[in-house]
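1. Sequence isn't available, so here's the structure alone:
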């Protein structure tokens, strides 16, 4: 493949993935409103389009045409930069996530991934951890006590739970022997006793997945760990002073991070795109992408289900759970996995 063709293919893949990701962000919001609505015995969006399916487009237009207020007391450079930082870091991490094997077009074999790097997992952890700067700077630059408290809460929460999240993934790395997301998925191929998939969640990493799941809720500031945005205490937390598209950027960053977390959970613990293949060659080429998308959907549904079920923690409970329970459990899981791999 020549350099020009390679660049063209990379640009086309980037555009397609970005469009799919932004569409998924919009319809994850719609899905959340519908699912939580039915849980609470109400309808959710119904008026705009069939089943309310055009509600995300209506919300986008609303954000575009709303008055964009910038309070006079803010530190303007960082106030404007914070939502852009949060959104850019949230969208960047999708660039190294593989969502299928590869497809052959003519003589070209095109991997279903924007770029494949052998330290993909480290890159995602590094990029997503930078998102805390957007939240912290939004809270500080707003010059609002409620926003500052929300930014400080988010910073402490995200830094604390990143430790447990990182340790929960070391067991997967031990078993696969690689930081490459594609290699981690390939290591989960095959079945135990020809029945049970060799996914990491069935291969000694159930506790690791539980730790990852809890830390992921905290990292994305979702119920029951949404203390940075606690409406009953902090008005709206770190984005209290934001409106129109700047507020929408924080909203989009949160849901993009949810999708990234779901993609990582699928790749690391649920076999990625591995699943039953059957039918003609074209169907077998499409099925891995379908299995990958179906697993992400299940993970997002779990996110929404928890939001509609559990109450919010107190902040001291949140920090105690992270430091006194998840961190020791992650270390114990790490030691047990090391012994099992060595044995």
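-> Arrived safely. Computed from a predicted structure; not experimentally measured.
2. How are the helices of the stretch 151-300 of the chain distributed by residue range?
-> For the stretch 151-300 of the chain, applying DSSP state H, counting those that start in this stretch gives helices covering 181-186, 206-219, 231-234, 244-269, 281-307.
3. Count residues in the vicinity of residue 299, would you?
-> A count of nearby residues for residue 299, using other Cβ atoms under 10 Å, gives 21. No exception for glycine: its C-beta is placed from N, CA and C like everyone else's.
4. Just to confirm, what confidence does the model report for it?
-> For residue 299, the pLDDT comes out at 90.
5. hey, least reliable of the helices of the stretch 151-300 of the chain by pLDDT?
-> Among the helices of the stretch 151-300 of the chain, helix 231-234 has the lowest mean pLDDT, at a mean of 64.
6. Stretch 63-78: which residues count as buried?
-> Neighbour counts using 16 or more other Cβ atoms under 10 Å place 63, 74, 78 of stretch 63-78 among the buried residues.
7. so how many other residues sit close to residue 58?
-> The criterion is other Cβ under 10 Å. On that basis, residue 58 has 14 neighbouring residues.
8. Tell me the spacing between it and residue 30.
-> 10 Å (Cβ to Cβ, to the nearest Å).
9. Tell me what residue 110 is bridged to.
-> Beta bridges link residue 110 to residue 103 when assigned by DSSP bridges.
10. didn't it look like it was pressed against residue 104?
-> Yes - the criterion here is Cβ atoms under 8 Å, and residue 110 meets it with residue 104 at 7.5 Å.
11. More neighbours: which of those two?
-> For the pair residue 110 and residue 104, the greater number of neighbours falls to residue 110 (16 against 9), based on other Cβ under 10 Å.
12. In contact with the more buried one, which residues are there?
-> The contact partners of residue 110, by Cβ atoms under 8 Å, 6 or more residues apart in numbering, come to 9, 13, 102, 103, 104.
13. In terms of pLDDT, where does it sit?
-> So, for residue 110, pLDDT stands at 77.
14. ditto for the one 4 residues further on
-> At residue 114, the pLDDT value in this model is 82.
15. That one: helix or strand, and which one exactly?
-> If you go by DSSP states H and E, residue 114 is not part of any helix or strand.
16. pretty sure it contacts residue 17?
-> Yes - taking contacts as Cβ under 8 Å, residue 114 lies within contact range of residue 17: 5.9 Å.
17. show me where pLDDT drops low in the protein?
-> Within the chain, the stretches with pLDDT under 70 are 1, 230-235.
18. how does it look with 50?
-> When the per-residue scores of the chain are filtered using pLDDT under 50, no range remains.
19. How about residues contacting stretch 136-145?
-> With Cβ under 8 Å, 6+ apart as the test, stretch 136-145 has contacts from 71, 73-79, 81-83, 85-86, 147-152, 154-155, 237-242, 250.
20. Same question for stretch 53-63.
-> For stretch 53-63, the surrounding residues in contact (Cβ under 8 Å, 6+ apart) are 26-27, 29-30, 33, 45, 47-49, 244-245, 247-248.
21. re earlier: can you lay out the buried residues of stretch 63-78 as CSV showing secondary structure and distance to residue 229?
-> Formatted as CSV, the entries for those read as follows, by DSSP: H, G, I helix; E, B strand; the rest coil; distance: Cβ to Cβ, whole Å:
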residue, secondary structure, distance to residue 229
63, helix, 18
74, coil, 19
78, helix, 19
